[in-house]
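S.K.: Sequence and predicted structure are below.
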Amino acid sequence: MRNYQILKKAVLLCRKAVDSIFDIFYPSYCIRCELNLKKHERLLCDDCWNRIPKLDDELEKTNDLARRYRQRIYFSNVLTVWKFDSHLQTIIHHLKYQNFKSLAKPVGIFMAEKIKRSGLIGDQSLLIPVPLHPTRVRERGFNQSDLLSNVIAEATGIEHNNNILTRIRYTRSQTALKADERSANVKNAFKVSQREKIKQKTIILVDDVITTGATMNACAKELIKNGAKEVIVISAVHA
């Protein structure tokens, strides 16, 4: 019993130490309203999550997308929760590069709500995250799009599969590339490995940010080529 009590105190001390280290690197206040965060809150308080202005529910149609992205478009619609701003940039950066995986839950829930309002849920719908190359997964430790897709699946009941679409070619980061360079960078970078699972399915392709649409389009092209009925894009942020 005494050993148990000693162990329990040691665990509590370790937890306090971890919390102290956490507070050094991550703010204990909301980055938007600057009020103190509650224990379960990270970066943004619950109120500010709900106050970030959302994009309207109107689907962006194929013709508009073709004009915007200046290329043949293989996905039919885009759903996005938020327009890019500095607060969302911080959130996505921490999710992707700071191992802040807990942020996937609130972001994914808002994405799920967007899908529900769109009326796109059906028996033949399938969630597929934009894949990372295995090397990038090893570097980062996870795929943020896969985390988001899991949250969306749990919130909507839509089937989720992260094994169907794979990235077969390691590509440069798209961040510093121009639109035409982005398209060339991801050309033939993706492959469908289980064609029978997407045949005549409406694929909901999940990613954190859509900018020029090059990555999403390369994925959608491969999915359509291998029998998908339709590809709809869902992203948290439109930059």
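M.R.: Now that the structure is in, tell me what you want to look at. In this text the structure is predicted, and so the values were computed from the model without any measurement.
S.K.: What is the neighbour count of residue 239?
M.R.: Close neighbours of residue 239, defined as other CB atoms under 10 Å, add up to 15. Heads up, the C-betas are built off the backbone N, CA and C, glycines and all.
S.K.: For it, which non-adjacent residue is spatially closest?
M.R.: Beyond its immediate neighbours in the sequence, the residue positioned closest to residue 239 (CB to CB, 6 or more residues apart in numbering) is residue 84, lying 4.1 Å away.
S.K.: For residue 91, see how far away the one you found is.
M.R.: Distance of residue 84 to residue 91, given as CB to CB, to the nearest Å: 11 Å.
S.K.: Give me the more crowded residue out of those two.
M.R.: Neighbours were tallied for residue 84 and for residue 91 using other CB under 10 Å; the higher tally belongs to residue 91 (26 against 16).
S.K.: That one reaches residue 105, doesn't it?
M.R.: No - with contacts counted by CB atoms under 8 Å, residue 91 stays clear of residue 105, the gap being 12.0 Å.
S.K.: Which residue ranges of this structure form strands?
M.R.: Shown for the chain, the strands assigned by DSSP state E span residues 77-83, 125-129, 159-160, 165-167, 190-192, 202-210, 230-238.
S.K.: I figured residue 166 hits residue 132, correct?
M.R.: No - applying CB under 8 Å as the test, residue 166 and residue 132 come out as separate, 9.6 Å apart.
S.K.: which of the two has more neighbours?
M.R.: Regarding residue 166 and residue 132, a neighbour count based on other CB under 10 Å identifies residue 132 as having more, with 20 against 17.
S.K.: give me every residue that touches the residue nearest to the spatial centre of the chain.
M.R.: By CA atoms, centre = their mean, the mean C-alpha position of the chain lies nearest to residue 208, the distance being 3.1 Å. Neighbour list for residue 208: 92, 95, 96, 107, 144, 145, 148, 235, 236, 237 [criterion: CB atoms under 8 Å, 6 or more residues apart in numbering].
S.K.: In JSON lines: those residues, plus neighbour count.
M.R.: Below are the contacts of residue 208 laid out as JSON lines (neighbours: other CB atoms under 10 Å):
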{"residue": "92", "neighbour count": "21"}
{"residue": "95", "neighbour count": "22"}
{"residue": "96", "neighbour count": "18"}
{"residue": "107", "neighbour count": "24"}
{"residue": "144", "neighbour count": "25"}
{"residue": "145", "neighbour count": "24"}
{"residue": "148", "neighbour count": "28"}
{"residue": "235", "neighbour count": "25"}
{"residue": "236", "neighbour count": "27"}
{"residue": "237", "neighbour count": "21"}
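S.K.: Inside helices: which ones of the residues you listed?
M.R.: Residues of these located in helices (DSSP state H): 92, 95, 96, 107, 144, 145, 148.
S.K.: list the contacts for the fifth one?
M.R.: If you count contacts by CB under 8 Å, 6+ apart, residue 144 has them with 95, 96, 101, 104, 208.
S.K.: pLDDT score for the nearest residue to the first one once chain neighbours are set aside?
M.R.: Closest residue to residue 95 apart from its sequence neighbours, by CB to CB, 6+ apart: residue 103 at 4.5 Å. Looking at residue 103, its pLDDT reads 93.
S.K.: Residue 103: neighbouring residues, count only.
M.R.: Look at residue 103: counted by other CB under 10 Å, it has 22 neighbours.
S.K.: Ok, the one 10 residues further on next?
M.R.: Counted with other CB under 10 Å, the neighbours of residue 113 add up to 15.
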